[in-house]
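Asks: Have a look; sequence and predicted model below, questions after that.
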Amino acid sequence: MELQDFRPVCAAVLKKTQVEKPAFPVIDFHTHMGKMLLGDDYAEKYDTAEYVRELTKSGVALAVDMDGYGGEDLRALRQKTAGFEKRFIHFMQLDYSGYDTPGFAEDIRRQIKAAHRRGCKGIKMWKDLALYKKDKNGDPLRMDDPRFDAVYDTAAELGIPILMHIADPKAFFMPADETNERWEELHEMPEWDFSDHSKYMSFEELMEMQENVIRNHPKTVFIVAHVGSCAEDLGWVEEQLKKYPNMNVDIAARVAELGRAPYSARRFFRNCQDQIVFGTDSTPLSMGYHKIYYRFLETEDEYFPYHPDDELPGQGRWEIYGIGLNTEILRKVYYKNACRILGIDPDQFEEEAHGTLSEC
Ligand SMILES: [Zn+2]
């Protein structure tokens, strides 16, 4: 047998809790409905009414979509979600192509204000800036460059938050050799290998850049995606959250890292309960994950898969453990913290908590 065919089945007799619905209505703070993950023809790939039914079934009252580009793209997305406005919030993505030109700050301000007028409630910044894009000198577009102040300052002025995805899992910045815990994933997706530091900023440099941005803009509210870019080191993320009250994190696509370190994760949720929001990074085509997050957050089940049963563990060969959070922390993580960040009245969700989620 080849190692790649090894599929061990756990022999331990363990409690299995089916969590069909979360304890409270959920705001999924990190979803993708548009072209970013689904491609330019995303509109043909799913039916919005069907997606809303799936969200309802999963207990998601509101999905925050990261794919609200400006201009024509935003118009098309609005059309795609027409009739379901109460179930979605869109964050805008900006066009940074004028980075090297003198009118850049003005152009950014104009883009943000235009998308905000058209209903976008936040800004999404992606890892492509510092990892892929270069300025005219061939240097990475560092997000702590003062030229980006226009983004942070305009967001603060308008009172809208910025969701930043800065780095990727630590293993993507390490050599893809036999010691790499995500070797199988990197083998499948070689373009996620950022270990060549002559081409890419190192993980440590990216974390330094991230901290500079948050420290230099205390009036801007940030949600740093994927557990503050560093789900592998919750102690460091906790320190950052304590230092910077304008920083928040989502837990999107990191249930594997959190769930393999249940004692540290539970401590992290207790100590940082006001700065963590629920998120999955899901699309209308990948709705199988919510129940796994709920099981992780709400139960003390042990050693269970972080992926749907019919899939192989995509992010590394390990299983996870539930952390059984109390109702007060669950409330905050599921919707209260998100309401505060988005400026939404949490009462509507509190009412739903005692009733049932209704169809849109
Ligand atoms: Zn995402």
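Replies: Sure, I can see it.
Asks: Low-confidence ranges, the chain, go.
Replies: 310, 353-360 (pLDDT under 70).
Asks: Grab the longest strand from it for me.
Replies: In the chain, ranked by residue count with DSSP state E as the criterion, the top strand is strand 60-69.
Asks: how much does the helix or strand just after it deviate in direction from strand 60-69?
Replies: On the C-terminal side of strand 60-69, the nearest following helix or strand under DSSP states H and E is helix 71-80. Relative orientation of helix 71-80 versus strand 60-69 (axes from the mean of the first three to the mean of the last three Cα atoms, to 10 degrees): 150 degrees.
Asks: Burial check on the closest residue to residue 76 other than its chain neighbours, number of neighbours?
Replies: Using Cβ to Cβ, 6 or more residues apart in numbering and skipping residues adjacent in sequence, the residue nearest residue 76 is residue 43, 6.8 Å away. Where C-beta positions appear, they are placed from N, C-alpha and C, glycine not excepted. Residues within reach of residue 43, counting by other Cβ atoms under 10 Å, total 16.
Asks: mind checking the SS state of residue 43?
Replies: Going by DSSP: H, G, I helix; E, B strand; the rest coil, the secondary structure assigned to residue 43 is helix.
Asks: can you tell me how far it sits from residue 282?
Replies: Separation of residue 43 from residue 282 (Cβ to Cβ, to the nearest Å) stands at 18 Å.
Asks: cool, and residue 188?
Replies: Noted for residue 188: a distance of 19 Å to residue 282, by Cβ to Cβ.
Asks: Of these two, give the one with the bigger neighbour count.
Replies: Taking neighbours as other Cβ under 10 Å, residue 188 and residue 282 compare with residue 282 leading, 25 against 10.
Asks: I'd say the more buried one and residue 29 touch.
Replies: No. Using Cβ atoms under 8 Å, residue 282 is not in contact with residue 29; the gap is 11.3 Å.
Asks: Next, count neighbours for residue 49.
Replies: Using other Cβ under 10 Å, residue 49 has 12 neighbouring residues.
Asks: which stretch of helix or strand covers residue 130?
Replies: Applying DSSP H and E as the criterion places residue 130 in helix 128-131.
Asks: same deal with residue 92?
Replies: Per DSSP H and E, residue 92 falls inside strand 88-93.
Asks: Just want the angle from that strand to strand 60-69.
Replies: Orientation check (the same axes, to 10 degrees): strand 88-93 against strand 60-69 gives 30 degrees.
Asks: In the sheet, which strands lie alongside strand 88-93, parallel or antiparallel?
Replies: According to DSSP bridges, strand 88-93 forms sheet pairs with strand 60-69 (parallel), strand 122-125 (parallel).
Asks: and after that strand, which helix or strand comes next?
Replies: Using DSSP H and E, the helix or strand that follows strand 88-93 in sequence is helix 104-117.
Asks: If you compare the directions of that following helix and strand 88-93, what angle comes out?
Replies: Using the same axes, to 10 degrees: helix 104-117 against strand 88-93 is 170 degrees.
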